[in-house]
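S.K.: Here is my input, please return the structure:
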Amino acid sequence: MSPTQVAEINAHFQRYNNAPLASFSGLSPEQMHHLMYDPLGAASPVRLRAELPAAVLDQVPLLRVTEELLRLVQREGHIKLTAGGALPRKYLHELYGHGILPDEFVESGFVKINREIDSSFLHTVHIIATGAGLVKKIHGKLTVTKKGQLLQPPAQRSQLLRLLLEVFTSKFNWGYFDVYGNDESPAGQLAWAYSIYLLARFGSDPRLMEFYADKYLLAFPFIINSVQEVEYMTREAQIRNYYNGRVFFRFARWFGLAHIKERQYGPDAEADQVTATPLVAQLFQVSGGGKA
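M.R.: Sure, this is the predicted structure:
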């Protein structure tokens, strides 16, 4: 093969790698590669903004409650955990009582927070804070680590958010709270930053959750093979259920990124709809999205 032919082949692949694709909602293969394997990195189309004012950070529920947990443990010196290693009820009530992320089932009295597992959000805050090395358990007692102390000052809040986001997306199993199936599908967590990109590009108007799930399936069709065949539901429907629950009802809600208008029943029934909150643009710098 001549040098000219090699150069032509290389140029062809370079054009392909830099060309926006409809299946990627306007991202190029190279952009998608960075988004998947170095999310938030300098070359990724989704990056945390360099300047994050306190007023913006105050809108991130998971950050706020983590900060309250650190203050609580710091105030007490240590917290004696339950036999199962969970936060005792009185501290759960204190954390929930800040009103940072009200739960409609708790507010209506349908659910009472007696155990940590009664609130998937508070349970996750405990898991993430531990996984991030902000708190540690020794002999059944929860204490704040040196790292947790260093990240408590207001000047460190942006760094704390980045740490929580990285731990939540890379170490925490997004399928942990799934109530259906027994698959270990990576749906939603795989290429999680792509959902941020989709919200930034399409989220200004209310859209059905299926709109986003279908775009995710279009970009990653191989994800279908990550679920088992069942008689009562197609693989596509399983992936949509995983995606919607993990991405919107947990990740986007807990980080304040989406407003969800939940399904209504009756003659005027409407399916779940999603609108991006202003926080998406305030937290993330999103680029790309050329015409495919």
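S.K.: So what's the residue count around Arg253?
M.R.: 18 (other Cβ atoms under 10 Å). For every residue, glycine as well, the C-beta is placed using N, CA and C.
S.K.: Local confidence estimate at it?
M.R.: Note on Arg253: pLDDT of 97.
S.K.: Over to Ala42?
M.R.: pLDDT for Ala42: 94.
S.K.: Likewise for the one 10 residues further on?
M.R.: Listed pLDDT for Leu52 reads 97.
S.K.: got a list of what it touches?
M.R.: 157-158, 161, 282-283 (Cβ atoms under 8 Å, 6 or more residues apart in numbering).
S.K.: phi, psi of it?
M.R.: phi -130, psi 100 (degrees, to the nearest 10).
S.K.: What is the nearest of the contacts of Leu52 to Ala43?
M.R.: Using Cβ to Cβ, Leu283 is the member of the contacts of Leu52 that lies nearest Ala43, at 18.7 Å.
S.K.: since we're on the spatially closest residue to Ser195 that is not a sequence neighbour, how many residues are nearby?
M.R.: Residue nearest to Ser195 in three dimensions, not counting chain neighbours: Val247, with 5.0 Å by Cβ to Cβ, 6 or more residues apart in numbering. When neighbours are counted by other Cβ under 10 Å, Val247 registers 28.
S.K.: For Val247, give its distance to Val106.
M.R.: 22 Å (Cβ to Cβ, to the nearest Å).
S.K.: just the strands in the stretch 1-150 of the chain please.
M.R.: Remark: strands assigned in the stretch 1-150 of the chain by DSSP state E, counting those that start in this stretch are 46-48, 79-80, 135-138, 141-144.
S.K.: for those, which one sits closest to Val227?
M.R.: If we rank those by Cβ to Cβ, the stretch that ends up nearest is strand 46-48, at 25.9 Å.
S.K.: Next, the buried residues of that closest one.
M.R.: Neighbour-count burial for strand 46-48 flags 46-47 (criterion: 16 or more other Cβ atoms under 10 Å).
S.K.: Please apply the same query to stretch 144-154.
M.R.: Buried residues in stretch 144-154 (16+ other Cβ under 10 Å): 144-145, 148, 151-152.
S.K.: Show me the two of those residues that sit farthest apart.
M.R.: Once Cβ to Cβ is applied, the buried residues of stretch 144-154 give Thr145 and Gln152 as the farthest pair, at 10.9 Å.
S.K.: Perfect, I'm done here.
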